[in-house]
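*Asks:* Model the following, please.
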Amino acid sequence: MIRSVIAAIVLVVAIAIAPPAHASAGEVYVALGDSAASGPLVPDQVLPDLGCWRSNRNYAHLTAKAIGTAAFRDVTCSGADTKDMYQPQGTELGSVPPQLDALSQDTTLVTVQIGANDVGLTGFIEDCLNLLPPPVGDACNDDYMENGQDTWRVKTDALRPKLTALVADIRARSPQARIFVVGYGTYAPPGGCYPRVPIIRKDADYIRATLMYFNQMLAEQAAEAGAGFIDLQTPSTGHDPCTSPGTRWIEPYVPASPATPFHPNARGMRGFADAVIAAVSGV
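*Replies:* Here you go, the predicted model:
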């Protein structure tokens with residue numbers, strides 16, 4: 001209960017200190033991030049940098065269209081982590097420039113969704129897939145305890161200074177920009193939905209708690225760095241991979257809509273865009 005109250009306070013503080021959010025037709029918008037932002041396999045995949053698996057219906061494209069930007073640069077790329085903000089990223093179809101190279105002195109709006117690949121969250125979810133329930137199949141959450149510590153929380157906490165530094169580096173390159181750190185969506189409801197998504201109850205709750213802690217960390221670091229934070233966890237509640245194909249925003253291990261497993265589909269990108277548009281427009 002105390003932790004929930006603290007998390008709620010953190011989110012309120014993050015929103016309260018966020019830069020004034022008033023989008024205008026003159027915005028110069030740069031979108032940074034990983035596959036949760038780029039939209040792999042969501043129609044239509046666009047050039048350049050086809051190896052980044054970037055959709056023209058990801059939330060950044062939808063946001064840019066909705067707010068009527070003067071200029072828009074989307075450099076989100078599947079597989080990206082924080083180091084790819086600063087150095088070229090290799091993809092299956094060639095190397096792409098550092099994402100921060102897209103920033104300029106005239107940039108006025110930046111969204112950045114990054115960090116999941118630094119700690120391997122997608123791989124962690126896939127590792128917990130269990131086609132055979134107990135007692136044949138084993139829970140995966142115990143595999144991530146070392147010396148009494150949860151290794152995912154250790155990795156998450158180790159990412160904190162990198163995110164604070166990243167926001168500072170974005171601000172140094174684009175001093176006029178309003179910067180928004182974007183969180184991640186809801187990947188599991190309480191208890192999961194075995195066998196629809198073959199992750200047993202104990203592991204589904206562990207995944208849920210791990211992602212909630214990760215999003216809390218992002219909100220805290222955004223607040224510390226003086227950036228805004230956009231919560232995608234709350235609006236995607238009830239649209240997780242356990243819900244029906246016509247309701248879900250994030251696809252399960254076997255997708256029913258064009259998207260990679262445990263990534264947003266087109267419906268999810270629309271829902272996430274609504275959250276981003278509201279945040280950057282001050283609604």
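*Asks:* Please enumerate the strands of this protein.
*Replies:* 28-33, 71-74, 89-91, 94-96, 109-113, 145-146, 149-150, 178-182, 228-230 (DSSP state E).
*Asks:* With mean pLDDT and distance to Q221 added, can I get those strands in TSV?
*Replies:* C-beta: built from backbone N, CA, C; applies to glycine. Output for the strands of the chain, formatted as TSV (pLDDT from 0 to 100; distance: least, Cβ to Cβ, whole Å):
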stretch	mean pLDDT	distance to Q221
strand 28-33	98	15
strand 71-74	98	23
strand 89-91	96	22
strand 94-96	95	25
strand 109-113	98	11
strand 145-146	76	24
strand 149-150	86	19
strand 178-182	98	7
strand 228-230	98	9
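*Asks:* how about TSV for the ones you listed, with mean neighbour count and distance to G120 added?
*Replies:* Shown next, in TSV, are the strands of the chain (neighbours: other Cβ atoms under 10 Å; distance: least, Cβ to Cβ, whole Å):
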stretch	mean neighbour count	distance to G120
strand 28-33	26	16
strand 71-74	19	24
strand 89-91	17	16
strand 94-96	15	21
strand 109-113	26	16
strand 145-146	10	15
strand 149-150	13	14
strand 178-182	24	19
strand 228-230	25	22
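*Asks:* Would you mind giving those strands as CSV with distance to E251 added?
*Replies:* Converted to CSV, these look like this (distance: least, Cβ to Cβ, whole Å):
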stretch, distance to E251
strand 28-33, 18
strand 71-74, 21
strand 89-91, 21
strand 94-96, 25
strand 109-113, 17
strand 145-146, 29
strand 149-150, 27
strand 178-182, 19
strand 228-230, 21
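*Asks:* Identify whichever of the ones you listed lies nearest to I200.
*Replies:* Nearest to I200 among those is strand 145-146 (16.9 Å), distances taken as Cβ to Cβ.
*Asks:* Could you list the low-confidence segments of the chain?
*Replies:* The chain contains residues with pLDDT under 70 at 1-25, 133-137, 283.
*Asks:* center of it, which residue is that?
*Replies:* With distances taken as Cα atoms, centre = their mean, Y184 lies nearest the centre of the chain, 3.7 Å away.
*Asks:* Could you measure from that one over to L50?
*Replies:* Distance, Y184 to L50, by Cβ to Cβ, to the nearest Å: 24 Å.
*Asks:* My read is that the residue nearest to the centre of the chain contacts I114, right?
*Replies:* No: counting by Cβ atoms under 8 Å, Y184 stays clear of I114, with 10.2 Å between them.
*Asks:* need the contact list for the nearest residue to W53 once chain neighbours are set aside.
*Replies:* Excluding the flanking residues, the one nearest W53 by Cβ to Cβ, 6 or more residues apart in numbering is P40, at 3.4 Å. Shown in contact with P40 (Cβ atoms under 8 Å, 6 or more residues apart in numbering): 53-55, 78, 259-260, 263.
*Asks:* Buried ones among the residues you listed?
*Replies:* 53-55, 78, 259-260, 263 (16 or more other Cβ atoms under 10 Å).
*Asks:* which one among those gets closest to Y253?
*Replies:* Of all the buried ones among the contacts of P40, T260 has the smallest distance to Y253: 10.2 Å, by Cβ to Cβ.
*Asks:* and the gap between the closest residue in space to P235 that isn't next to it in sequence and D157?
*Replies:* Spatial nearest neighbour of P235, chain neighbours left out: A275 (5.0 Å); criterion: Cβ to Cβ, 6+ apart. From A275 across to D157, the span is 26 Å (Cβ to Cβ).
*Asks:* cool, and E224?
*Replies:* 13 Å.
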